[in-house]
Every structure is written in structure tokens, then in C-alpha cells.
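K.L.:
3D, please:
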Amino acid sequence: MQLDEQQSAARAWFEALRDRICAAFEEIEREAGSNAAFEYTPWDRTDQDGSPGGGGVRGVMKGKVFEKVGVNVSTVGGQFEGEFARSIHGASDDPRFFATGISLVAHMANPHVPAVHMNTRFLRTTKQWFGGGADLNPPLPRDEDTADFHARLKAACDAHGPDYHDRFKKWADDYFYIPHRKVHRGVGGIFYDHLEGEFEANFAFTREVGEAFLGIYPQIVRRRMHEPWTEADKRAQLVWRGRYAEFNLVYDRGTLFGLKTGGNIDAILMSLPPEAVWE
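P.N.:
Model prediction:
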């Protein structure tokens with residue numbers, strides 16, 4: 001695909017962020033005495049008319065601290081199929097699209113280390129916008145971790161819009177909710193979408209979200225990764241993971257978008273935990 005300046009800049013940032021996050025996570029594994037490293041699998045996409053439609057790289061690591069972590073980057077384009085176009089911002093009259101982004105989900109070995117999700121993306125149809133966010137998903141919540149995570153995201157939001165944090169925190173609280181369970185998926189974070197307008201300002205905010213995640217999550221991991229845990233703690237983690245899987249398979253927009261646009265199945269479903277139970 002031929003990319004213009006804005007598309008290339010967004011793609012380059014997401015790929016650079018991927019490299020920095022993966023290096024930070026591998027360093028944590030080194031500190032734990034593990035030689036675990038990310039394995040990268042490139043994939044290509046074919047559009048519905050048979051033409052090249054971009055692709056991406058799926059990165060997965062299974063280690064001593066990170067039981068399973070996936071960090072994916074993709075840059076895809078083409079046309080949405082059929083009725084799906086009507087559900088996408090700006091695509092109801094013209095199904096052509098471009099999307100580039102990073103998506104991350106980490107499931108941790110120690111139940112005291114919170115799982116986490118982060119993604120940021122840039123999309124273009126007849127409109128163009130940024131979206132994304134980050135949310136913390138502890139099986140066994142700790143007030144200190146929750147407070148620090150929210151404070152770092154609030155600082156990122158406050159630097160770019162006085163109302164950003166209140167708006168995007170509420171959006172996360174509303175979005176990361178499992179209606180059939182009547183519970184939230186985790187302790188929240190921020191979620192934003194359809195951030196239109198001036199490209200540079202919105203791109204700067206999206207970069208700030210990535211920096212905020214990279215600044216706080218490794219700190220929380222190091223704080224908890226050596227804590228002892230019991231079989232009851234592990235059981236609680238596995239039950240919680242079942243609910244996480246339910247949300248991602250039933251309600252998650254990113255999962256649906258990837259499946260509807262012919263993305264790599266393994267990359268799309270890397271968000272599922274390696275082990276879970278349902279009681």
C-alpha cells in the first residue's frame with residue numbers, strides 16, 4: 001500500500017512503541033531469571049477483490065512473569081464488506097478504509113500482577129480519527145496499583161484537554177463492562193474513539209497515551225511480581241480470566257473489526273488468556 005505522510009507517521013510511531021514495550025517486558029523477564037523473548041510472526045492480508053491489503057506483525061512472549069503477552073502492530077486498507085461498512089464511522093457511503101495501530105494484552109503468571117490491555121490506532125474512511133486507551137485488569141485488585149495507573153493516565157489526558165480524563169475514564173467504565181455478568185472487566189482506565197480534528201494535536205495525545213502506559217505498567221509489574229500467592233489466589237485469577245474471555249469474544253470492538261476486515265486470526269485472538277475456568 002502507498003501511504004501518505006500522516007499514515008506513515010502513525011505507522012512508524014506504533015511500530016516504534018511496540019519495539020520499546022517489548023524490550024521493557026523482556027528486561028523484566030531477565031530480572032526474574034528468565035530468557036523468554038518475543039517471537040514475531042509477520043502476516044499479510046488480501047482485500048476482498050484479491051488485491052494486497054496490508055498486514056502486520058504478531059509478537060508473543062511466554063515467560064516466567066508474563067504467562068502470555070501479545071503485542072501486535074498492523075497496517076491495513078481496502079474496502080469493508082457489505083453491512084459492516086454501515087457500522088463504521090464515515091464508511092456508510094464509501095466502504096474504503098485505512099487503519100494502523102498497536103494492540104497489547106498481557107496475562108500474568110502471578111495472580112497479584114494485574115493483567116493489562118492497551119491499544120491505540122489511526123483510522124481513515126471519509127473521515128479520519130484516532131482512538132484507543134488502556135485499562136488495568138487485576139484478578140486481585142490493589143488500591144495502590146489502581147491509583148497509580150489512573151494518576152498516570154490522568155496526567156496524560158490533562159496535558160491535552162481539560163475534560164479528557166473525565167470523558168475518557170467514564171467511556172472506559174461504560175465500555176469495559178460485562179452486561180450479562182453485571183460487573184466491570186477490571187478497574188478501568190481510559191477509552192476514546194472518533195477523536196477527529198487537527199491531526200497533529202490528536203496524534204500527540206495518542207503518543208502521550210502510549211508513553212503513559214510504558215511509564216506506569218512496568219512499575220506495577222515489578223512491584224508485584226515476586227509476591228507469594230496461594231492456590232486460592234490462582235483459582236480467583238482463572239475465574240476472572242473466564243470473564244475477560246467472555247468480554248473479548250462477545251463485546252470487544254477490536255475483535256470484531258479484525259475478524260470483519262480479514263485480519264490474522266492468531267493476532268486477533270491473542271487477547272484470550274492461556275488458561276481460564278468457568279464455575
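
K.L.:
residues touching Thr249, list them.
P.N.:
Small correction: residue 249 is Leu, not Thr. Neighbouring residues of Leu249 by CB atoms under 8 Å, 6 or more residues apart in numbering: 255, 272. (Each C-beta comes from the backbone N, C-alpha and C, glycine too.)

K.L.:
so Asn119 lies in a helix, does it not?
P.N.:
No. Counting by DSSP: H, G, I helix; E, B strand; the rest coil, Asn119 falls outside a helix, being strand.

K.L.:
quick one: it and Asp135 touch, right?
P.N.:
No. Contact criterion CB atoms under 8 Å: Asn119 and Asp135 do not qualify, at 10.0 Å.

K.L.:
between those two, who's got more neighbours?
P.N.:
More crowded of Asn119 and Asp135, by other CB atoms under 10 Å: Asp135, with 25 against 22.

K.L.:
for Val277, see how far away that one is.
P.N.:
22 Å (CB to CB, to the nearest Å).

K.L.:
equivalent analysis for His112, please.
P.N.:
18 Å.

K.L.:
more neighbours: which of the two?
P.N.:
Neighbour totals were compared for His112 and Val277, and His112 leads with 19 against 11 (other CB under 10 Å).

K.L.:
which residues sit in contact with the more buried one?
P.N.:
By CB under 8 Å, 6+ apart, His112 lies in contact with 140, 142, 224, 227, 229, 233.

K.L.:
got the phi and psi for it?
P.N.:
The phi/psi pair for His112 (degrees, to the nearest 10) reads phi -80, psi -10.

K.L.:
which pLDDT value belongs to it?
P.N.:
pLDDT, His112: 98.

K.L.:
again with Cys22
P.N.:
Per-residue confidence (pLDDT) for Cys22: 98.

K.L.:
pull the contacting residues for it.
P.N.:
38, 59, 61, 71.

K.L.:
residues near the third one, how many?
P.N.:
By that I understand Met61. Each residue near Met61 was counted by other CB under 10 Å, and the total is 22.

K.L.:
got the phi and psi for the nearest residue to it once chain neighbours are set aside?
P.N.:
Spatially, and ignoring its direct neighbours in sequence, Met61 is nearest to Phe38 (4.5 Å; CB to CB, 6 or more residues apart in numbering). Phi and psi for Phe38, reported as degrees, to the nearest 10, are phi -70, psi 140.
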